[in-house]
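1. Next comes the sequence, and after it the predicted model I'd like to discuss.
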Protein chains: 2
Amino acid sequence: MVQVAGGSNPVSSVGEFKLIDGISKLLASSRVRSSGLVLGVGDDTAIWQPRPGRAITITTDTLVESVHFRRDWSDAQQIGHRALAVNLSDLAAMGSRPRTAVISLGLRGSEQDRWVYDVYRGMLALAQRWHVRIAGGDIVHSPKALTIGVTAHGELRSAEQALRRDQARSGDIIAVTGPLGLAAAGVRLLSEGRHGIDGAPAMLTAHRLPQPRILHGMLLARAGVRCAMDLSDGLFGDLPKILQASEVSARVEMDKLPIPSSLRWTFPDWFELGTRGGEDFELLFTAPPEVFEHVTTVFRRCRLRPPIAIGTVTAPGKGGPQLTLRDSALRRRVIEPGAFDHFAAKPKPQANGRTGG
Amino acid sequence: MVQVAGGSNPVSSVGEFKLIDGISKLLASSRVRSSGLVLGVGDDTAIWQPRPGRAITITTDTLVESVHFRRDWSDAQQIGHRALAVNLSDLAAMGSRPRTAVISLGLRGSEQDRWVYDVYRGMLALAQRWHVRIAGGDIVHSPKALTIGVTAHGELRSAEQALRRDQARSGDIIAVTGPLGLAAAGVRLLSEGRHGIDGAPAMLTAHRLPQPRILHGMLLARAGVRCAMDLSDGLFGDLPKILQASEVSARVEMDKLPIPSSLRWTFPDWFELGTRGGEDFELLFTAPPEVFEHVTTVFRRCRLRPPIAIGTVTAPGKGGPQLTLRDSALRRRVIEPGAFDHFAAKPKPQANGRTGG
């Protein structure tokens, strides 16, 4: 087996990024032949092609109480919705059509049965909207932390049609499918106990009932887009992952960023919320200008909000991939990658801990 | 949506069985068409047939520290092995060939990085043996409880070939693929701090490194067996699930039960350990006598231990499915379904909390 240097450091000091890197190396070293795995580690989902023909996308995400949701901030149906939504969003980010999901609930034992059923009701309502079958799962006893694990499966016409992180090319337009920062603003309102301000309902809903951009993702794939991901760690947390995977740089135009004015009015740090807040679950994609135009037409035809161009992919500099922000006075500054961990109310260094899947 | 009565009772008092029942009803009520789901709830795995042809089995299981493993009882590689093994065992119990798995790790943050890599090394070693690709996953922060969630995927030649719980028929022979009670005995030794007794290594290994009966499961399916499951809750915890699903009764012969003599010598309650101890991950199956004979031949040919016949499926009585134990003096007694929760050192009422998947 490959040599991965591991020591006796606690993982909290090692950092997720390095840990994921070590795990990825271990996984990549695994010599297993002929199991039809097209894409294993480092994208929104894994891609599995059991035999020639359509490909299956697989993603798994666990929500932990107090880390990813709070029972005093969201009701059970909203929590169920959210647990499934974050997984469907990963399937959407590959351009795949969601098909099935399995659930692994870790219950303390003190939860009310009605609460548990309502979690499932929230999942089922979202599942039905997208014709997803929840195929069962398991329940385990988890006395110290309520957890909701979801693994979701989608289908792609072919593995080649997947929206991957490593397909951004110099000259591509960078675009997002919707506003940035609303979900983070919602969490901020909840943590500060402010609900009465202008625009609060949209912010709270963005956190409690995020909408996976499934139709958007499928349309992107069919329109010829090759590169996308979903925004779970904010633009400045996630775009660098595309740049890294594709080995390109990017320039983002500050005044094109769709940060709602309700955020600008309400929060002094609105720009941080909008760019590092995360969990918006809008899609971030890159495409050549003519493909971007085509996407705009297709989205309009399907009565979706047209995508918002926010910047351009450029050739990498000598120092490797770099993200530059340009303001209206054409001043540029280099952006440090990273997301804002709003539940912990402290910045987190990099990566959402995804190893693929 | 269907009416499922839920109240304000804590789920620990409602009982897993009733909770699972409520969730199953909710899931069954979901009206989603045409997503190729053949078997959703109530077996070892879900079966998904994205399109005509081969079928995909999907299972998910989460291990929670102190509930399913202890870090002072097993090393990291053993814990990783075990987390994957319990899932591969479910795939084996359907007769399917394991293909891919995704992992969702919930880390406290205090774990050593080497420990995390070793968990993966343990999983990878088992995965390689069975040509399973670990396709990534995610890592989340779970400050209060270390959790290892695995979702595993297998393939069946066709959905019709699946080894299901609802296919036992009156007249079938009931058989198991190996000894009963070793894993529970291993846990008992660890909890009592006794390691030096005769037979201890086999007991400890049965708990720490359970072997999923993958080849056995595939051979059973090809030999024409239709009904099987894996023994995670012990014979008296699991066989009643087959009886319930198939609406049949069963008679088990006490002196045919393959409870190793090392258990009989060591533990006064060896019979409880052997029949309700659980987590042996041997396969339990039923088959008409001629199919059973064929299986014996096939297993011998493949140099596997021949299956052990332990009883007979009978027609259900007036009171519904019933499990009867017959001793060497031909005295019969009716067995109450249920497993022994050895980690909690108390009996658990019924069911391993599986809703399918």
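-> Done, it's in. Residues are numbered from 1 along each chain as shown, chains lettered A, B, ... in the order given.

2. When you work out contacts or count neighbours from here on, use the C-alpha atoms and nothing else.
-> OK.

3. Chain B versus residue A:199, what's the distance?
-> Distance of residue A:199 to chain B, given as C-alpha to the nearest C-alpha, to the nearest Å: 31 Å.

4. Read off the pLDDT value for that residue.
-> As predicted, residue A:199 sits at a pLDDT of 90.

5. Doesn't residue A:56 belong to a strand?
-> Yes - applying DSSP: H, G, I helix; E, B strand; the rest coil, one finds residue A:56 inside a strand.

6. can you give me the helices for chain A?
-> Applying DSSP state H to chain A gives helices spanning A:11-14, A:16-29, A:76-93, A:113-129, A:182-192, A:200-208, A:214-222, A:235-246, A:261-266, A:270-276, A:289-301.

7. neighbouring contacts of the shortest one?
-> Outside of helix A:11-14, the residues within contact range by C-alpha atoms under 8 Å, 6 or more residues apart in numbering or on different chains are A:19, B:109, B:110, B:111, B:112, B:113.

8. Identify the bridge partners of the fifth one.
-> Using DSSP bridges, the beta-bridge partners of residue B:112 come out as residue A:10.

9. With neighbour count, pLDDT and distance to residue A:261 added, can I get the contacts of helix A:11-14 in JSON lines?
-> Below are these laid out as JSON lines (neighbours: other C-alpha atoms under 10 Å in any protein chain shown; pLDDT from 0 to 100; distance: C-alpha to C-alpha, whole Å):
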{"residue": "A:19", "neighbour count": "21", "pLDDT": "80", "distance to residue A:261": "38"}
{"residue": "B:109", "neighbour count": "20", "pLDDT": "89", "distance to residue A:261": "37"}
{"residue": "B:110", "neighbour count": "13", "pLDDT": "90", "distance to residue A:261": "41"}
{"residue": "B:111", "neighbour count": "16", "pLDDT": "90", "distance to residue A:261": "43"}
{"residue": "B:112", "neighbour count": "18", "pLDDT": "90", "distance to residue A:261": "44"}
{"residue": "B:113", "neighbour count": "26", "pLDDT": "89", "distance to residue A:261": "43"}
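
10. of all those residues, which two lie farthest apart?
-> A:19 and B:110 (13.0 Å; C-alpha to C-alpha).

11. May I have the predicted confidence score for the closest residue to residue A:199 other than its chain neighbours?
-> What sits nearest to residue A:199 in space, not counting adjacent residues and going by C-alpha to C-alpha, 6 or more residues apart in numbering or on different chains, is residue A:262, at 5.8 Å. Confidence at residue A:262, expressed as pLDDT, is 95.

12. Tell me the spacing between residue A:262 and chain B.
-> Applying C-alpha to the nearest C-alpha to residue A:262 and chain B gives a distance of 31 Å.

13. That residue: neighbouring residues, count only.
-> Per other C-alpha atoms under 10 Å in any protein chain shown, the neighbour tally for residue A:262 reads 17.

14. same check, this time on residue A:269
-> When neighbours are counted by other C-alpha under 10 Å, residue A:269 comes out with 10.

15. Tell me, what's the model's pLDDT at it?
-> For residue A:269, the predicted pLDDT is 95.

16. and the gap between it and chain B?
-> Distance of residue A:269 to chain B, computed by C-alpha to the nearest C-alpha: 26 Å.

17. Which phi and psi values does that residue adopt?
-> phi -100, psi 40 (degrees, to the nearest 10).

18. Return the distance of it relative to residue A:60.
-> Note on residue A:269: its distance to residue A:60, by C-alpha to C-alpha, to the nearest Å, is 32 Å.

19. same thing with residue A:99?
-> Taking C-alpha to C-alpha, one finds residue A:99 at 14 Å from residue A:60.

20. who touches both of the two?
-> In contact with both residue A:99 and residue A:60: residue A:152, using C-alpha under 8 Å, 6+ apart.

21. Who has more neighbours out of the two?
-> residue A:60 (33 against 27).

22. Chain neighbours aside, what residue packs nearest to the more buried one?
-> residue A:151 (4.2 Å).

23. pLDDT below threshold where in the stretch 51-200 of chain A?
-> Applying pLDDT under 70 to the stretch 51-200 of chain A picks out no residues at all.

24. Domains of chain A: list them as residue ranges, please.
-> A:1-31, A:43-160, A:163-348 (automatic domain parsing).

25. Of those, flag the one that's most buried.
-> Among the domains of chain A, ranked by average contacts under mean count of other C-alpha atoms under 10 Å in any protein chain shown, first place goes to domain A:43-160 (a mean of 24).

26. And that one, end to end?
-> 14 Å.

27. Relative to the whole chain's centre, how far out is it?
-> 14 Å (C-alpha atoms, centre = their mean, to the nearest Å).

28. Check stretch A:323-337 too.
-> Using C-alpha atoms, centre = their mean, the offset of stretch A:323-337 from its chain centre is 23 Å.
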